[in-house]
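Peer 1: Dropping the sequence and predicted coords here.
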Amino acid sequence: MRRISINTKSKILNLYRHGISPKYLSEEFKVNLKTIYDWIEKEKKHSLVNSSNSSSTKTISDIHKLTSSLEKTQAELQFLQRVLVEDLPLNYRIKLIDEEYGKESLHVQCEALEVKRSTYLNHKKRNKNNDSWYKQREARFANIIVDLYYQSKGVYGANKIAAIISQTYEPTTQEYVSRLMGELGLKSVIGSSNKNYQHIQSYLRREQSFCDAQSVTDINQIWVSDTTAILINNTYYYVCVYIDLFSRLVLSWSISRNNSTQLTKRAFLRAYTARQPKCPLTLHTDNGKCYTSYSFNRILSKHNINHSYSRPYHPHDNAVAESFFKTLKREAIFLTGYPRSLYALTTIINDYIDRYNATRPHESLGYLSPKQYEEKKKEENNKNKKNDNMNKK
């Protein structure tokens, strides 16, 4: 029996709320029709409980206002339908819905233009079987998918490509993009682990993590750092990075022949100079000698930075930094083969980090890049400050 993900269930229910029929959703997502009806029934019961709890707080005056507003809106809609819609041919009204499809609820669009939803869905299904609107949309999406796939050098899978298309072009689903990628013969070069294993491990990491990412609410609260070794011509070079735990932004990086305190101090000073954190900051690292040394901790004390360590034999305590190095090696270094010189390695890492910070979508960030996520947070902070100032006045 196929396991249906929570994301797929949410998408199906969301599309149902926007007027798409359960039968069409069952065919599109290959989910049993009875299962979809069970989800809908449970959601209705849940919404009834919530509405009964909230409705008790409304006064009679509020109800009269809402009733009056609803009657006025219905009268306005009837007037517009009589003046603008009644004389329009049915084919033209269906064409208007095609052009605006997905921007509002299908139920709203059909009601406003006086088109039965069954009529429109039959029209859409016929076009899907033939080649007009549906095939044109497929061709357009296929070109976009191919461009994004090769821009990422084959790294991005259906989930990231679907997120970029939804943000940049128009809303779409991961299932739709995955189907088109399968037809185009495109597959991410990054393999995925067993889903059940990932769910179990993510739970264990949350339980074991000394530095909990869920507790971070803003930038410059917790940074994480780690080092890794990369082989060049039978010689190991060590790379150190500093990452903001809130946004996953790579703040700085450095490379050296030795995994030494000088390496970690140099990368730290670059990150501190670039960010100039004002709020209390915590740095989380493992227990390597380059982080536990006296000279390194003296620099942290000088800048009033707290230092937390991973527990012995618990590498998942520093999962974000470990995950970044895994991603760097799989998406940049292993794809091009091991670099043959220090200059080539430096160029690869620098280009990848620029792309990682600016454009690479992260599932944990709602498929935004680290820079986009930080910009969004700064806008929210500015908006909250303005509201606070208005309330004080």
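Peer 2: Yep, it's here.

Peer 1: and the closest residue to residue 88 other than its chain neighbours, what is it in contact with?
Peer 2: The shortest distance from residue 88 to any non-neighbouring residue, by Cβ to Cβ, 6 or more residues apart in numbering, is to residue 113 (7.7 Å). C-beta: built from backbone N, CA, C; applies to glycine. If a contact means Cβ atoms under 8 Å, 6 or more residues apart in numbering, then residue 113 has 85, 88, 93, 96-97 as its contacts.

Peer 1: if you set the cut-off to 10 Å instead, what comes out?
Peer 2: Going by Cβ atoms under 10 Å, 6 or more residues apart in numbering, residue 113 touches 81, 84-85, 88, 90, 92-94, 96-97, 100, 120.

Peer 1: For residue 189, give me its contacts.
Peer 2: Remark: with contacts taken as Cβ under 10 Å, 6+ apart, residue 189 is in contact with 152-157, 330-331, 334-335.

Peer 1: Is it possible to get a markdown table of those residues that adds neighbour count, secondary structure and pLDDT?
Peer 2: Formatted as a markdown table, the entries for the contacts of residue 189 read as follows, by neighbours: other Cβ atoms under 10 Å; DSSP: H, G, I helix; E, B strand; the rest coil; pLDDT from 0 to 100:
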| residue | neighbour count | secondary structure | pLDDT |
| --- | --- | --- | --- |
| 152 | 21 | coil | 84 |
| 153 | 13 | coil | 81 |
| 154 | 15 | coil | 83 |
| 155 | 18 | coil | 84 |
| 156 | 25 | coil | 87 |
| 157 | 21 | coil | 87 |
| 330 | 14 | helix | 89 |
| 331 | 21 | helix | 88 |
| 334 | 12 | helix | 82 |
| 335 | 14 | helix | 78 |
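
Peer 1: between the residues you listed, which is nearest residue 184?
Peer 2: For those, the closest approach to residue 184 (Cβ to Cβ) belongs to residue 154, at 12.2 Å.

Peer 1: Give me the nearest residue to that closest one, chain neighbours excluded.
Peer 2: The spatially closest residue to residue 154, leaving aside those adjacent along the chain, is residue 189, at 4.5 Å (Cβ to Cβ, 6+ apart).

Peer 1: just checking, what packs against the host helix or strand of residue 143?
Peer 2: Using DSSP states H and E, residue 143 sits within helix 133-151. In this structure, helix 133-151 packs against helix 90-100, helix 117-129, helix 158-168, helix 174-184, with contacts taken as 3 or more Cβ pairs under 10 Å, 6 or more residues apart in numbering; DSSP states H and E.

Peer 1: Name the residues of the last one that come out as buried.
Peer 2: Residues of helix 174-184 classed as buried by neighbour count (16 or more other Cβ atoms under 10 Å): 174-178, 180-181.

Peer 1: Make a ChimeraX selection of the buried ones in the contacts of residue 113.
Peer 2: Selection of the buried residues among the contacts of residue 113 in ChimeraX, burial being defined by 16+ other Cβ under 10 Å:
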select :85,93,94,96,97,120
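
Peer 1: which one of the contacts of residue 113 is nearest residue 251?
Peer 2: Of all the contacts of residue 113, the one sitting nearest residue 251 is residue 100; the distance, using Cβ to Cβ, is 43.3 Å.

Peer 1: what's the helix or strand for the residue of the chain most remote from its centre?
Peer 2: The C-alpha centroid of the chain is most remote from residue 87, which lies 44.5 Å away (Cα atoms, centre = their mean). Element membership for residue 87, per DSSP H and E: none, as it lies in no helix or strand.

Peer 1: how close does it sit to residue 255?
Peer 2: Between residue 87 and residue 255 the distance is 72 Å, computed by Cβ to Cβ, to the nearest Å.

Peer 1: Quantify the burial of residue 360 by counting its neighbouring residues.
Peer 2: With neighbours defined by other Cβ atoms under 10 Å, the count for residue 360 comes to 23.

Peer 1: Contact partners for the closest residue to it other than its chain neighbours?
Peer 2: Distances taken as Cβ to Cβ, 6+ apart place residue 369 nearest to residue 360, at 5.6 Å, with adjacent residues excluded. Contacts for residue 369 (Cβ under 10 Å, 6+ apart) come out as 164, 167, 247-249, 355-362, 375.

Peer 1: filter those to the buried ones?
Peer 2: Neighbour counting over the contacts of residue 369 (16+ other Cβ under 10 Å) leaves 164, 247-249, 355-357, 360-362 as the buried ones.

Peer 1: So the residue nearest to residue 154: helix, strand or coil?
Peer 2: Using DSSP: H, G, I helix; E, B strand; the rest coil, the secondary structure recorded for residue 189 is coil.

Peer 1: Let me know the pLDDT of it.
Peer 2: According to the predicted model, the pLDDT of residue 189 comes to 76.

Peer 1: Low-confidence ranges, the stretch 151-300 of the chain, go.
Peer 2: Counting by pLDDT under 70, the stretch 151-300 of the chain shows low-confidence ranges at 191-214.

Peer 1: try 80 this time
Peer 2: By pLDDT under 80, the weakly predicted segments of the stretch 151-300 of the chain are 185, 189-215, 279.

Peer 1: residues in contact with residue 169?
Peer 2: Counting by Cβ under 10 Å, 6+ apart, the residues that residue 169 touches are 140-141, 144.

Peer 1: Apply 7 Å and report the result again.
Peer 2: When contacts are counted by Cβ atoms under 7 Å, 6 or more residues apart in numbering, residue 169 touches residue 144.

Peer 1: What distance do you get for the closest residue to residue 138 other than its chain neighbours to residue 189?
Peer 2: Distances taken as Cβ to Cβ, 6+ apart place residue 180 nearest to residue 138, at 6.7 Å, with adjacent residues excluded. Relative to residue 189, residue 180 is positioned 18 Å away (Cβ to Cβ).
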